[in-house]
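Trainee: After the sequence you'll find the predicted model.
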Amino acid sequence: EVGLVAAGMVIGRPKDQYSFEEYAKDGSLAIATTTHAPLPDADESDPNAIADLVNQEVPWEDQLQETRGRNHLWVVSQDGSNLKLGKVHKNFGEPGEDIRAVRFMESYAYVVTFKKTDPLYTFDMSTPTNFRLVGELKVPGFSMYLHPAADLKMIGIGFDADDQGNFAWFQGIQVSIFDVSDPANVSRTDNI
C-alpha cells in the first residue's frame, strides 16, 4: 500500500526523472528545475526567506518573457509531513537557457543547459544540504541525455549546434565523451 508521507513545493519544471536524486543517508531530495523568469533575490541561508521565495508569485508578464528563464537546483528534506527547503542554487546559466539533461553520479550532479552552447555545470553534492557549484564547461551543441560510463567518463547524447549570434542552428546528432575524473574541471575528450 502506498500512502502520502510528506509534501512540499519548489518552483519550476523538471526535465525528466533524472532531475531528481534521493540522498537516503541524510533524508534529502535534490531537484533540478527551470523557470520562465529568474527567481528574486533571497538570503539562501535563511530557511524562512527560501520558503517565502517558493511562495512568492512570479508576475504573469515575467512568466511570459521566456527569454529570461533560469535554472535552479533545490534540496528538500522531510520534516514531519512537510518537505522543507534546505538549500537552493538559483538562476544559474544565461537568461533564456533551460535544462536539457541532468545526471547525478556518485557525489556530483551534472546539469546541461542550452540556448546557443552547452554549458555543463558540476555541483558537489557530497553534503546535499550544503552543495556547491564547482565547475562549468561550455562546448558547442548540447546533450539531451547523460549516461555514466567506465573509467570516470560520461556519455552525452544530443545535438551539435552552430552559434549564429542570437540563436543556434542544429547541425545533427552529436555524441560526446566527457572526462569527469576531476569534476571541477570536466573536459570533452571526443565527439562525433
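Mentor: Received the coordinates, thanks.
Trainee: And the strands in the chain, which stretches?
Mentor: With DSSP state E as the criterion, the chain has strands at 20-23, 28-35, 70-79, 82-92, 98-105, 108-114, 117-124, 132-140, 142-149, 153-163, 168-179, 187-191.
Trainee: Most tightly packed of those?
Mentor: Among the strands of the chain, strand 108-114 has the highest mean neighbour count (mean count of other Cβ atoms under 10 Å), at a mean of 25. All C-beta atoms are positioned from the backbone trio N, CA, C, and that covers glycine.
Trainee: partners of it in the sheet?
Mentor: strand 98-105 (antiparallel), strand 117-124 (antiparallel) (DSSP bridges).
Trainee: show me where pLDDT drops low in the chain?
Mentor: Residues of the chain meeting the criterion pLDDT under 70: 41-68, 116-118, 164-168.
Trainee: Now do the same contact list for Ser176.
Mentor: The contact partners of Ser176, by Cβ atoms under 8 Å, 6 or more residues apart in numbering, come to Val139, Gly141, Ser143, Ile155, Gly156, Ile157, Gly158, Arg188, Asp190, Asn191.
Trainee: out of those residues, who's nearest Lys87?
Mentor: Closest approach to Lys87 among the contacts of Ser176 (Cβ to Cβ): Ser143, at 25.2 Å.
Trainee: Could you work out the end-to-end span of stretch 83-100 for me?
Mentor: Across its full length, stretch 83-100 reaches 26 Å between end residues, using Cα to Cα, to the nearest Å.
Trainee: now swap in stretch 176-184 and tell me
Mentor: Using Cα to Cα, the end-to-end distance of stretch 176-184 comes to 18 Å.
Trainee: thinking again about what came up before, quick check: of the contacts of Ser176, which lies closest to Ser19?
Mentor: Nearest to Ser19 among the contacts of Ser176, with distances taken as Cβ to Cβ, is Ser143, at 14.0 Å.
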